[in-house]
Structures are given as C-alpha cells and as structure tokens.
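Colleague: What would the 3D arrangement of this be:
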Amino acid sequence: MTNTTRTLLFAGALFLSAAVGTAADRSTDTLPGYLETWKLDRAARGVIEEPSAWNDAKLQFALRLITRLGLAPADAFAAWSTAAVTESPLSAEALADRFVRIEGRAVFIAPLTLPEAIAEIADRKTIDVVRIKTAAGPLVDVLAAAAPEAWPRWRTIDEPASVVGLPLATGPGPQPAPPPAEAAAWPVEPAALLLAAKRVAWQPAKPLGALGMDYGLFDTVADGQKLVAGDTEAFYAMLAAVGRGTQEGIEKVAGPPADVVPMIDPGQGWFKSHRGDPVTIDGTARRATRIAIDDPLRRREIGADHYWELFIFVPTSLLKINDRLQENYPIVCCVRKLPDGMPTGQNINERVRVSGFAFKRYAYPLPQIKGAATKEDQRQETPLVIGKHAVWVPEPSNAAATSLLGWIFAGLAGVIGLLLLFGVWRFNRDARRTEKLHREALPDKLELP
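Modeller: Numbering: from 1, shown residues only. As a prediction, the model looks like this:
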C-alpha cells in the first residue's frame, strides 16, 4: 500500500467520522453509544489486538480514536471520566467500552514520530507515549494527545501521574525509536495494558499539586495576554483546587506578603518557573466584581455559580510604568468568596489580603485619557492570583471612632486629674516638709520685748 493510498484511507476515515454525527446525536450521550457511532467500539478496536506487530493501520486507528475523544462533548466526557473504573487493568473486562482510571508514577516518556502521510492528515508530527508504573505494579503504556512539557523526553523519570483513557489492548503498544543523539531507549520490559487518552495529568509534590491541580494544564497558559482559550482549563482547575483546600492551610503555605516587583516585571520571567506557587497579596481593593459562571460544566467543576475579581493596589518602590511614576501597583486576584459585609463595586477603597496561587501575567488595555499625549493601545500587565477567600480588614466605623476618641479623651482627662492630684499631694508634702524645716530653724520660744 502506497503512502498516497494510506493518506486517502486515513482521510476517508476521519471524514466518515465527521459525517456520521448529527443523525446519531441521541446515541452519543453514553460512552458505548459514542464509540459505536464513530466506529470505535470494542469490535472495531479489534484491529489493535491483531497478533501482527505494531503497524500504520493500528496507529491510524489509535490516532483517530484520540482525536475523537478530544472532540467529545465536554459535559459528556466529564461524566464518562467520573464513571471511570479504577480496578486492576488486568481484569477480564479491561477492554470494555468504558474508561479506566490509572494512577501511579510516570517512569518514561518519548515522542512517537508519525509517518509523513499520517502526520499530514493529523496535523501533528508526533504523539507522546507515556509509561506508567501503577501502584499495584503492572506497567501501562499510554498513547496521549498531551503530556506535561516539563517532563524530559528520552529519560527515566519518576513523577506522580494519573490518566483516564480507553483500553486498546492487553499488552504493549508502539515502541518509539530514539534519535541517534539520545542514549536512553524505550524500556524493554513489556507493558500489561495499552491506553488511548486525551492527556496524562501531573500533580507534583507542591502545595497546589497536593490540592489535585494538574500542572500539565499550565502548558497552554499564555502570559502577556488577557484570558484566552488556552487558559480556560487551567483557570477553572485552579478555582476547583483552592476550593478543596482550607483557608488556613493556603495562608500557611503562602506565608506573609513578599516583594511583588519580580512578579510584575516581565523582563524577569517570574511566571515561567513560579507558576502555581503560593503567594500572599496585601493592599487596597479598588474594585470588586462578581463574575457569573454560565457554563453548567464549570459550575459543577468548582461547585459554585460565580467567583469574585478584585483589583488590589499593593505598595511598591517607586516604579515607572508607561511613562508614569507610581508607588503602588494593581494586582488582579480571583477568589471564590468575599467576607460578609465587604463593599463591592467599581469604586471601593478596602484593605484586603488574599493568599492564593500565581496563575499568569495578565494584560489589559489602559483607558485613553482625552487630550493626553499618550500612545495608543497602551496595556498594563499584572499578575493574576487565584485564591479561596479574601480577608477584609475594615476601617473602624464613625461610631466606633467616636467611641474610641471618647475613651481616649476620658483617659487623658483621668491622667491629667491624677497628675493634678499628685501635684497637689506633692505640693502639700513639700509644704509640710518646708514648714517642718522652717519650724526647726525657729527658736523654741518667741520672746517678747
């Protein structure tokens, strides 16, 4: 079979997958129905189990399956993932039309180079193959559309990993061939199960990772821009993660407020190595806006129908921003909840503190001042931090201030009174002492002439 023929067959398979669709929407609510609709069910996956060595036909099928998993309705995919089984991958029903959840340690990852004909249709040159050692011991190979970029390729690694995927075969899959420059080859020991998955998740041993945050989602976060499509998954995953922690625990790992200048200086590239790190922001909130969450899937993900966006001005050293000198800097904080009674709106002036995790360097346009000699399309870049709650430090009320002043004046009056009494007593004492001395200096008897 020529490359052109293979290309046409693969393109035809993808076209068929795209054409079946609308008429069969009702059967795609369940995972078995979805797989059957797109000819990816248990019977169709038999091509993967053929005793022949791994070949282009198997790779084309696996790639088509991975592509279709990525195109599944988000709410349906979330439901299928929630229902994933976590039993041993060696069970008799391992290859059923259901998702399997695997947790363990990623021990090796390598890119599998796609043949030119397949790469042209798939619009990608490689696909990741990840080997996971499960907690029970068996090895699982995963064909994934995405794996954490921070994991070094062609190296033995040891990172916590989890994956939800569809089983393809009981046994190993393709073995990527290392480039000549790479010393490490794909492990010789065969795997017990082969999975196809959208992604492999990574929860490193960090405070945010301990809350279940998948750091691999940070790979598509774009700094220096507003919130874009690549930020969405990571943004809501962080809101969900902080909801699983306690306010006290987050405040403890975040510690006291630190210097924010490294965070706000784009030249230092702080977010490249500190994304997800715990931080504490302490300053004056000038704006608090309630952001409604319209997507039902996101509402279920974070367990709320809104979050709050705060613009907090933090004191800094003297800075020059867009030809202006300033001694404070606005930082955007998104939190799940505000304290009861805290003022909200576009024009507030409240002292707040937010302990959370650094998300990205967020950019927004500055308002143009009419008549001002400023450049057009000026933007401000600022850190965006995601936390659980904001802590409000309200100013004392007028009544409280009046009461406090009353107590202060009363105290001062009391002190003055005591000082006066002390002065009178001391004056009388000194007068008596002087009188005594004077008396001693007098003669015993006054003699009249």
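Colleague: then the helix or strand where residue 80 lies to CSV, C-alphas only?
Modeller: Assigned by DSSP states H and E, residue 80 belongs to helix 74-82. Coordinates of each C-alpha in helix 74-82 appear next as CSV, following Å, rounded to 0.1, in the frame of the first residue of the first chain:
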residue,chain,number,x,y,z
ALA,A,74,-17.2,18.4,27.3
ASP,A,75,-20.0,17.6,29.7
ALA,A,76,-20.4,14.1,28.4
PHE,A,77,-16.7,13.4,28.6
ALA,A,78,-16.6,14.7,32.2
ALA,A,79,-19.4,12.3,33.1
TRP,A,80,-17.6,9.4,31.4
SER,A,81,-14.4,10.3,33.3
THR,A,82,-16.2,10.4,36.6
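Colleague: And that helix, what's buried?
Modeller: 76, 77, 80 (16 or more other CB atoms under 10 Å). All C-beta atoms are positioned from the backbone trio N, CA, C, and that covers glycine.
Colleague: Now flag whichever of the residues you listed is closest to residue 159.
Modeller: Using CB to CB, residue 77 comes nearest to residue 159 of the buried residues of helix 74-82, at 24.3 Å.
Colleague: and that closest one, what does it touch?
Modeller: By CB atoms under 8 Å, 6 or more residues apart in numbering, the contact set of residue 77 is 69, 198.
Colleague: and it, how far is that from residue 201?
Modeller: 14 Å (CB to CB, to the nearest Å).
Colleague: and what of residue 381?
Modeller: For residue 381, the distance to residue 201 equals 29 Å [CB to CB].
Colleague: more neighbours, the two?
Modeller: Under the criterion of other CB atoms under 10 Å, the comparison of residue 381 against residue 201 puts residue 201 first, with 24 against 17.
Colleague: Which neighbours in the sheet does the helix or strand harbouring the more buried one have, and how are they oriented?
Modeller: Per DSSP H and E: residue 201 is located in strand 193-202. Using DSSP bridges, strand 193-202 pairs in its sheet with strand 139-146 (parallel), strand 156-169 (antiparallel).
Colleague: Mind putting the ones you listed into JSON lines with distance to residue 242 and mean neighbour count?
Modeller: Formatted as JSON lines, the strands paired with strand 193-202 follow (distance: least, CB to CB, whole Å; neighbours: other CB atoms under 10 Å):
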{"stretch": "strand 139-146", "distance to residue 242": "23", "mean neighbour count": "22"}
{"stretch": "strand 156-169", "distance to residue 242": "20", "mean neighbour count": "20"}
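Colleague: can you redo these as JSON lines with distance to residue 100 and mean pLDDT?
Modeller: JSON lines is the format used below for the strands paired with strand 193-202 (distance: least, CB to CB, whole Å; pLDDT from 0 to 100):
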{"stretch": "strand 139-146", "distance to residue 100": "9", "mean pLDDT": "94"}
{"stretch": "strand 156-169", "distance to residue 100": "6", "mean pLDDT": "95"}
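Colleague: Minimum distance to residue 215: which of these has it?
Modeller: Of all these, strand 156-169 comes closest under CB to CB, at 9.7 Å.
Colleague: Could you check the angle the closest one makes with helix 74-82?
Modeller: On the basis of axes from the mean of the first three to the mean of the last three CA atoms, to 10 degrees, strand 156-169 is oriented at 100 degrees to helix 74-82.
Colleague: Please state the offset of strand 156-169 from the chain centre?
Modeller: 21 Å (CA atoms, centre = their mean, to the nearest Å).
Colleague: Centroid-nearest residue for this protein?
Modeller: residue 238 (3.3 Å; CA atoms, centre = their mean).
Colleague: name the element it belongs to?
Modeller: helix 232-244.
Colleague: Outside of that helix itself, list whatever touches it.
Modeller: Helix 232-244 has contacts (CB under 8 Å, 6+ apart) with 208, 211-214, 217-218, 220-221, 227, 250, 276, 298, 301-304, 307, 334, 336, 356-357, 359, 386-388.
Colleague: Name only those of these that count as buried.
Modeller: With burial judged by 16+ other CB under 10 Å, the buried subset of the contacts of helix 232-244 is 208, 211, 213-214, 217-218, 221, 227, 250, 276, 298, 301-302, 307, 334, 336, 356-357, 359, 386-388.
Colleague: Of those, which belong to strands?
Modeller: Counting by DSSP state E, the buried ones among the contacts of helix 232-244 place 307, 334, 336, 356, 357, 359, 386, 387, 388 in strands.
Colleague: Spit out the contact partners of the fifth one.
Modeller: Meaning residue 357. Neighbour list for residue 357: 207, 208, 238, 241, 242, 276, 277, 278, 279, 385, 386, 387 [criterion: CB under 8 Å, 6+ apart].
Colleague: and the gap between it and residue 225?
Modeller: When residue 357 is compared with residue 225 (using CB to CB), they lie 19 Å apart.
Colleague: cool, the fourth one as well?
Modeller: Residue 356 sits 20 Å away from residue 225, taking CB to CB as the criterion.
Colleague: just the third one next, same as before
Modeller: With distances taken as CB to CB, residue 336 is found 24 Å from residue 225.
Colleague: What pLDDT is listed against residue 378?
Modeller: Reported pLDDT at residue 378 in the predicted model: 74.
Colleague: Roughly how far does it sit from residue 346?
Modeller: Using CB to CB, residue 378 is found at 21 Å from residue 346.
Colleague: Counting neighbours, go ahead and name the busier of these two.
Modeller: More crowded of residue 378 and residue 346, by other CB under 10 Å: residue 378, with 13 against 9.
Colleague: Would you quantify the distance from the residue nearest to that one when sequence neighbours are not counted to residue 381?
Modeller: Leaving aside its sequence neighbours, residue 378 sits nearest to residue 366 (CB to CB, 6 or more residues apart in numbering; 4.6 Å). Applying CB to CB, the value for residue 366 to residue 381 is 11 Å.
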